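K.L.:
Sequence and computational prediction follow.
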Amino acid sequence: MNYARVVWAHLCKDLRLEWRSKDAINGMLFFSLLVVVLFSFAFDPTTAVSRQIAGGILWVALLFATVTALNQTWTRELRNSVLDAQRMAPAAPSALFLAKVLANFFFVTAVQVILAPVFIIFYNLHALGQGWLLWMVLPLGTLALVINGTFFGALSLRTRNRELLLPLILFPISIPAVLAMVEATTAILTGEYDPGLWIRLLAGYDIIFTTISLLLFATVLHAE
Amino acid sequence: MPTKNTVELESVSKLYGSFAALRKVTAQFPVGQCCVILGENGAGKSTLLRVIAGLLHPTLGSVRVLDAPAPQNVRQRIGFLSHASMLYDELSAMENLRYFSALNAGTERMPAAEALRLVGLKAELERPVGQYSQGMRQRAALARVLLAQPDLLLLDEPFSNVDAASVEQMQRVLLTLRSRGCTILLTTHQPELTRPLADRYCHMQHGAIAGWSEGSAA
């Protein structure tokens, strides 16, 4: 019960900070919209081609956009040495991590909600496969991005080039998840093959990395 | 009867590569006393406080705090204030304090409004901390530390760039805490501001303790 209360306190704080500064949302939204619109103009795809490439463009845009939000997430803990207060607090470190993941999940989802209509219009999309499965792929894919991103964001926190280091660590380790997200999305949009395997792979990836991150976060937080 | 110590340091060294920030520091800080640590920049004052707080691990030696073999075990009984406010600029003092109070769930806490009142700030103040003066910010930071009602208070240059009224207010709070048995370790470059508080002065030089002197409050 106490643990849930602490997670809730962290989460409310992160949402409140973002509501007042809008640092993460603005950067993410601007960046992902730009990528989606630019790709649309650059390739001028037909409807059939759109279905083939839309999954890749969507997830790559979100991956890059997420990195901008993740950098903000931990940078605000460094300002005024608040991180030291977090380290001194008796609360479980994993509660801080979990709340950050939930907050980032919320921010990326908010961007997806705004991005989706733009994406559908610019790429003239409608799913030929089981469209409802996107309701599974989008949250699972988003979770994969924010779990890893939040963890490696914390890991690179004390390095001088953390904004460069985060994508350098995050992108290679996210390759299996990105592959699963893109393949599952493409399968749903084209209806050419079954996305089940890719969705299961994504769910497995989420479970493994959530568990590992939760177990290791205390070590990362208290590292000098 | 021997005096009980809140902090006991035994040959503590902290090395960063070949640079020694602390060199074989051995010291005891008795319960309920205020010790002011003096020294030039780079003397090791802040490192010493961070080692006692458990934010840094000593490379060599042992640190015993509040009868625990490691400060990490008694984190909830230690209050630490650094040069920075350790508060979120976008939140008001009350919002900051409520948040940090929630992180101490399960332990005895001082109400946030009471902590703010003690340091002379109004709980109704809605301005974000980022818009406070340095003195107000430092008092809000002290209020955060008071929430957990610590037995050991570590203050790293609490009076830097703070106006006279805020210094006076903070001194009053620290005197009250000391009279209640809280041990205070404080670093400063302004020893004259610590005169009403200091039981002892610890002089540091090049990462080692160069000497001790009695304070006027002893």
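P.N.:
Thanks, I have it. Numbers count the residues shown, from 1 in each chain, chains lettered A, B, ... in the order given.
K.L.:
Mind checking the pLDDT average for stretch B:146-166?
P.N.:
Across stretch B:146-166, pLDDT averages out at 91.
K.L.:
In CSV, please show the C-alpha coordinates belonging to that stretch.
P.N.:
Extracted C-alpha coordinates of stretch B:146-166, given in CSV (Å, rounded to 0.1, in the frame of the first residue of the first chain):
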residue,chain,number,x,y,z
LEU,B,146,12.8,19.0,8.8
LEU,B,147,10.0,16.9,7.5
ALA,B,148,11.6,13.6,8.5
GLN,B,149,12.6,15.0,12.0
PRO,B,150,16.2,13.8,11.6
ASP,B,151,18.6,12.9,14.4
LEU,B,152,21.5,13.9,12.3
LEU,B,153,21.5,17.1,10.2
LEU,B,154,24.2,17.6,7.5
LEU,B,155,24.3,21.1,6.1
ASP,B,156,26.7,22.0,3.3
GLU,B,157,27.2,25.8,3.2
PRO,B,158,23.6,26.6,4.2
PHE,B,159,24.2,30.3,4.6
SER,B,160,25.8,31.0,1.2
ASN,B,161,24.3,34.0,-0.6
VAL,B,162,21.5,34.1,2.0
ASP,B,163,20.2,37.5,3.4
ALA,B,164,20.7,38.3,7.1
ALA,B,165,17.0,37.8,8.1
SER,B,166,17.0,34.3,6.5
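K.L.:
Return the set of buried residues in that stretch.
P.N.:
By neighbour count on 16 or more other Cβ atoms under 10 Å in any protein chain shown, the buried set for stretch B:146-166 is B:146-159, B:162, B:166. The way it works is simple: take the backbone N, C-alpha and C, and place the C-beta from them, glycine included.
K.L.:
out of these, which one sits closest to A:Thr75?
P.N.:
B:Asp156 (22.3 Å; Cβ to Cβ).
K.L.:
Contacts only, for the closest residue to the closest one other than its chain neighbours.
P.N.:
In space, and not counting its chain neighbours, B:Asp156 is closest to B:Ser82: 4.7 Å by Cβ to Cβ, 6 or more residues apart in numbering or on different chains. Residues in contact with B:Ser82, defined by Cβ atoms under 8 Å, 6 or more residues apart in numbering or on different chains, are A:81, A:84, B:46, B:156.
K.L.:
Narrow the residues you listed to those in helices?
P.N.:
When DSSP state H is applied, these are split such that A:84, B:46 fall in helices.
K.L.:
Which residue is the nearest non-sequential neighbour of A:Gly27?
P.N.:
A:Thr68 (4.2 Å).
K.L.:
thinking that neighbour is in contact with A:Met28, fair?
P.N.:
Yes. A:Thr68 is within contact range of A:Met28, at 5.6 Å (criterion: Cβ atoms under 8 Å).
K.L.:
The nearest residue to B:Leu174 once chain neighbours are set aside - how many residues pack around it?
P.N.:
Excluding its sequence neighbours, the residue lying closest to B:Leu174 (Cβ to Cβ, 6+ apart) is B:Leu197, at 5.6 Å. Counted with other Cβ atoms under 10 Å in any protein chain shown, residues neighbouring B:Leu197 total 22.
K.L.:
Kindly confirm my reading that B:Leu197 is in a helix.
P.N.:
No. Assigned with DSSP: H, G, I helix; E, B strand; the rest coil, B:Leu197 falls outside any helix and is coil.
K.L.:
Now do the same contact list for it.
P.N.:
B:Leu197 neighbours (Cβ under 8 Å, 6+ apart): B:34, B:36, B:171, B:174-175, B:178, B:184, B:186, B:215, B:217.
K.L.:
Ramachandran angles for the residue nearest to B:Asp156?
P.N.:
Per-residue torsions, B:Ser82: phi -100, psi -170 (degrees, to the nearest 10).
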